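[1] the following block contains a protein sequence and its predicted model.
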Amino acid sequence: MFIEELHLGVDYEKCGLKSPEKAPVFTGYILKNYDEYCKNRLRPAVIICPGGGYFYTSDREATPMATEFLAAGMNAFVLRYSCAPSRFPTALVELATAVKLVRQHAKEWNIDPDKIIVQGGSAGGHLAASLGVFWDDDVLRSRGFQGKEHKPNALILAYPVISGTSHPHMDSFKNLLGDDLTNEMLEFLSLEKRVSKNTPPTFLWHTLEDEVAYPQNSMLFASALMECGVPLELHIFPEGSHSLVNGNEIANVPERIRPKVRAWIPMVMDWIKKL
């Protein structure tokens with residue numbers, strides 16, 4: 001394996017956006033192939049968008065999550081996208097650029113170009129789902145994203161923020177929109193209303209006890225996917241607070257250690273194999 005800081009090369013001015021105060025950081029955890037046991041192997045790639053309410057990107061949801069996919073033989077990438085005071089659609093443009101970059105280097109990095117997956121938790125789940133619903137929308141087309149190079153092949157959403165109008169996590173939308181926080185924008189960024197038949201297959205999980213990003217967020221998105229005939233898998237665990245990540249000791253907080261919730265890890269790995 002090699003770890004590399006990758007240059008996204010976003011042209012913010014061309015995209016009609018302000019350059020962020022702090023440049024995004026895109027880190028690749030890329031497994032090598034060896035003649036002995038994995039010659040010519042093409043691996044899925046998972047691009048991870050940590051949560052943090054669009055205020056910061058959580059360390060807990062970054063490398064610890066990447067190690068899960070690495071252990072399953074996949075390549076992993078962590079995108080530390082731009083947060084407040086950067087506003088929508090800055091982070092979305094960065095994520096679309098990241099998917100495009102990984103697909104362009106698929107052969108070099110032993111990646112299956114048809115298995116580039118975007119994963120996100122909490123506000124990172126909103127960002128991942130945003131690319132899933134907006135990849136073919138004017139919000140990206142008008143900024144030079146044409147074709148399907150930037151389209152994820154699947155989404156993995158962990159306790160995501162989805163809706164700005166039903167059970168919203170308002171702090172996330174305040175950080176995402178700033179002075180542009182209006183009822184119209186909350187409606188526009190209620191992603192359950194943007195789902196179409198072109199939205200990628202999606203794996204979702206949540207806990208019933210989540211009082212930050214309420215479980216209705218996942219349910220609304222799952223219902224919209226069903227209405228559009230998009231393949232999905234949804235798991236609602238009865239216990240556990242927000243942001244459990246992988247449910248083990250990585251959080252170093254006793255109430256966040258939830259062995260039953262950790263079941264989502266083998267579930268999602270099996271789901272990826274069947275894509």
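    Arrived safely, thanks for sending.

[2] where does the stretch 51-200 of the chain dip in pLDDT?
    Of all residues in the stretch 51-200 of the chain, none has pLDDT under 70.

[3] where along it do the strands fall?
    Residue ranges of the strands in the stretch 51-200 of the chain, as given by DSSP state E, counting those that start in this stretch, are 75-80, 111-121, 154-158.

[4] then the longest one to PDB, C-alphas only?
    This points to strand 111-121. These are the backbone C-alpha positions of strand 111-121, laid out as PDB (Å, rounded to 0.1, in the frame of the first residue of the first chain):
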ATOM      1  CA  ILE A 111      -9.300   0.400  -9.700                       C
ATOM      2  CA  ASP A 112     -12.400  -0.900 -11.400                       C
ATOM      3  CA  PRO A 113     -13.700   2.300 -13.100                       C
ATOM      4  CA  ASP A 114     -17.300   0.900 -12.700                       C
ATOM      5  CA  LYS A 115     -17.000   0.500  -9.000                       C
ATOM      6  CA  ILE A 116     -16.200   4.000  -7.700                       C
ATOM      7  CA  ILE A 117     -18.300   4.500  -4.600                       C
ATOM      8  CA  VAL A 118     -18.900   7.600  -2.500                       C
ATOM      9  CA  GLN A 119     -19.300   7.100   1.300                       C
ATOM     10  CA  GLY A 120     -20.300   9.700   3.800                       C
ATOM     11  CA  GLY A 121     -21.600  10.100   7.400                       C
END
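
[5] what's that strand in contact with?
    42-51, 58, 61, 65, 75, 95, 99, 102-103, 105-106, 126-129, 131-132, 152-160, 243, 245, 272, 275 (Cβ atoms under 8 Å, 6 or more residues apart in numbering). Glycine gets a C-beta too; all of them are placed from N, C-alpha and C.

[6] what do you get for stretch 39-49?
    Defining contact as Cβ under 8 Å, 6+ apart, one finds that stretch 39-49 is touched by 31, 33, 57, 61-62, 65-66, 69, 73-79, 81, 95, 98-99, 102, 106, 109-112, 115-121, 124-125, 127-128, 152, 156, 272, 275.

[7] what about it, average pLDDT?
    Here stretch 39-49 scores 96 as its mean pLDDT.

[8] buried set for that stretch?
    Neighbour counts using 16 or more other Cβ atoms under 10 Å place 42-49 of stretch 39-49 among the buried residues.

[9] okay, those in CSV with distance to Pro20 and secondary structure next?
    Formatted as CSV, the buried residues of stretch 39-49 follow (distance: Cβ to Cβ, whole Å; DSSP: H, G, I helix; E, B strand; the rest coil):
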residue, distance to Pro20, secondary structure
Leu42, 33, coil
Arg43, 30, strand
Pro44, 29, strand
Ala45, 24, strand
Val46, 24, strand
Ile47, 18, strand
Ile48, 19, strand
Cys49, 15, strand
